[in-house]
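Asks: need a structure here:
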Amino acid sequence: MTVALDSGLRDLVHAGGVVVLSGAGLSTDSGIPDYRGPSGTRRKHAPMTYQAFVGSPAARRRYWARSYLGWRQIAGAAPNAGHYAVAALQRAGLVDGIITQNVDGLHRAAGATNVVELHGGLDVVLCLSCGLREGRTSLDARLRAANPDFATAAGHINPDGDAELSDEQLDGFVPAGCAYCDSDLLKPDVVFFGENVPRPRVDECYARVEAAAALLVLGSSLTVMSGLRFVRRAAALKIPVAIVNQGATRGDPLATLKIDAPLGEVLPALAAG
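Replies: Here you go, the predicted model:
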């Protein structure tokens, strides 16, 4: 990161009116790997689709076995310096709002407010049969009781909390039912592949971007349209876009400013003034 770029980013952010769009790269310093950045590795199993999840009890069993172990790492993760720096910039009145593609809840844990979790959060579970919403810790207690001897060590953990396990390791896992109706149609309150982000949530994000003085993208490769669309909207409206990410992003051609550097170094420096 050059001094000129650092100065340009500081000037942009300290002018205020910033909306943050964050991705998995912001959480790597908390021990949660991303898919495409320096800490990322490609998953061995295809991600669960919404259609497969709702259509197959066996698919739900596979998902919950992997997620049961993956949740250990997500639940144990703590906000890192980058999360705290974003919250500090918000308290200083420079960041108006945060849109995150992450499902780990670490922005909120760091004290940030006005956070839109674009893809939902792993800390809430929804029953697709009766509509009950419950905290993940409650479901986790039932899964622990039903699987006292299930493996406690997982392989690679994906950013969505899905542990890499072989089919043999899945043997013997017992899913838990809904606490109210006992249905096995329990789903984490996150957007699966093949499922759309709720339209009101998307509209709220567009409104935030359109009202922003600048859009600051943190730790996202912008490979999927879910995040890239907001960069495109900002660029179309001539709203400056700054991207801080290690490696190229799909939004680079639209960026006013691009910095390829670790967020754990850049963001605390910004928050320090």
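Asks: which residues in the stretch 51-200 of the chain form strands?
Replies: 95-100, 115-117, 120-127, 133-135, 186-190 (DSSP state E, counting those that start in this stretch).
Asks: which elements pack onto the second one?
Replies: Contacts of strand 115-117 with other secondary structure elements, assessed using 3 or more CB pairs under 8 Å, 6 or more residues apart in numbering; DSSP states H and E, are made with strand 95-100, helix 199-211. No exception for glycine: its C-beta is placed from N, CA and C like everyone else's.
Asks: ok, the last one next?
Replies: In terms of contacts (3+ CB pairs under 8 Å, 6+ apart), strand 186-190 is packed against helix 57-76, strand 120-127.
Asks: got the contact list for the last one?
Replies: This points to strand 120-127. Contacts with strand 120-127, where a contact means CB atoms under 8 Å, 6 or more residues apart in numbering, come from 67, 71, 74-75, 103-105, 132-139, 160-161, 178, 180-181, 183, 185-191.
Asks: mind doing that once more with 7 Å?
Replies: 71, 74, 103-105, 133-136, 139, 161, 178, 180-181, 183, 185-191 (CB atoms under 7 Å, 6 or more residues apart in numbering).
Asks: is it possible to mark the buried ones in those?
Replies: By neighbour count, with 16 or more other CB atoms under 10 Å, the contacts of strand 120-127 hold 71, 74, 103-105, 134, 136, 139, 161, 178, 185-191 as buried.
Asks: quick revisit: okay if I get the helices and strands packed on strand 186-190 as CSV plus mean pLDDT and distance to Glu195?
Replies: Listed next are the helices and strands packed on strand 186-190 as CSV, based on pLDDT from 0 to 100; distance: least, CB to CB, whole Å:
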stretch, mean pLDDT, distance to Glu195
helix 57-76, 89, 13
strand 120-127, 96, 10
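Asks: which among these is found nearest to Gly8?
Replies: Nearest of the helices and strands packed on strand 186-190 to Gly8, taken as CB to CB: strand 120-127 at 33.4 Å.
Asks: rewinding a little: out of the strands of the stretch 51-200 of the chain, the one nearest Glu204 is which?
Replies: Among the strands of the stretch 51-200 of the chain, strand 115-117 comes nearest to Glu204, with 6.0 Å by CB to CB.
Asks: what's the offset of that closest one from the middle of its chain?
Replies: Mean-position distance between strand 115-117 and its chain equals 10 Å (CA atoms, centre = their mean, to the nearest Å).
Asks: what do you get for stretch 25-37?
Replies: 10 Å.
Asks: and for Pro188, nearest residue in space, chain neighbours not counted?
Replies: Leu122 (5.2 Å; CB to CB, 6 or more residues apart in numbering).
Asks: give me the distance between that neighbour and Ser226.
Replies: 17 Å (CB to CB, to the nearest Å).
Asks: which of those two has more residues huddled nearby?
Replies: The neighbour count for Leu122 versus Ser226, taken as other CB atoms under 10 Å, is higher for Leu122 (23 against 18).
Asks: that one and Phe192, how far apart?
Replies: Taken as CB to CB, the span from Leu122 to Phe192 is 12 Å.
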